[in-house]
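Novice: let me see the structure of the following:
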Amino acid sequence: MKLSQHIFSLKTTRLALIALLFFAALPSQETFAQTAKDSVYMTVDEMPIPPGGTDGWNAYLGKNMNYPIAARDAKVEGMVVVTFVVLKNGEISNVEILRGIGKGCDEEVMRLVKESPNWTPGKKDGEIVITRMRLPVNFKL
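Specialist: Residues are numbered from 1 along each chain as shown. So this is what the prediction gives:
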């Protein structure tokens, strides 16, 4: 192979590699744009609202909360802090306990949040967005 043919071959290989890298990066930019559009926000202009607002949420808890027998027997009281995501359609997902008190109280809060009716979603810059919420739920005998 002559030197000029070898140099031509190297240039062709480099050009093909650059083209390959360029086209491989295109889908990732589209994925990034989609991910940014569907970001989960913790701070928004209008926070999600449960049906009936705060009074509705408190009424829902009062009507549906079952104090766990193990917690009642052990005289457990305190606050469970739960986090969850309110989707654009108001559905609840990704329910997790941030701080629990045990004896079944944590599971009861998870059940209540998972079974709650759809919320009014949050808004940022006038657009409905996915929002992460953090709420305390108190247990008192």
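Novice: buried stuff in the strand ranked longest in the chain?
Specialist: Longest strand of the chain, by residue count under DSSP state E: strand 127-139. The neighbour-count check on strand 127-139 (16 or more other CB atoms under 10 Å) flags 128-133, 137, 139 as buried. To be clear about C-beta, it is placed using only N, CA and C from the backbone, and glycine gets the same treatment.
Novice: what of stretch 47-61?
Specialist: Going by neighbour count (16+ other CB under 10 Å), the buried part of stretch 47-61 is 47-50, 57, 60-61.
Novice: repeat that for stretch 116-128.
Specialist: Applying 16+ other CB under 10 Å to stretch 116-128 flags 116, 119, 121-123, 128 as buried.
Novice: for that stretch, output the C-alpha coordinates as PDB.
Specialist: Extracted in PDB, the C-alpha atoms of stretch 116-128 (Å, rounded to 0.1, in the frame of the first residue of the first chain):
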ATOM      1  CA  SER A 116     -56.200   9.000  47.400                       C
ATOM      2  CA  PRO A 117     -58.200  10.500  44.600                       C
ATOM      3  CA  ASN A 118     -56.300  12.400  41.800                       C
ATOM      4  CA  TRP A 119     -54.900  15.700  42.800                       C
ATOM      5  CA  THR A 120     -54.900  19.000  40.700                       C
ATOM      6  CA  PRO A 121     -51.400  18.900  39.200                       C
ATOM      7  CA  GLY A 122     -48.800  21.600  39.900                       C
ATOM      8  CA  LYS A 123     -48.000  24.400  37.400                       C
ATOM      9  CA  LYS A 124     -44.700  26.100  36.500                       C
ATOM     10  CA  ASP A 125     -44.700  29.100  34.100                       C
ATOM     11  CA  GLY A 126     -48.300  28.300  33.300                       C
ATOM     12  CA  GLU A 127     -47.600  24.700  32.200                       C
ATOM     13  CA  ILE A 128     -48.800  21.600  34.100                       C
END
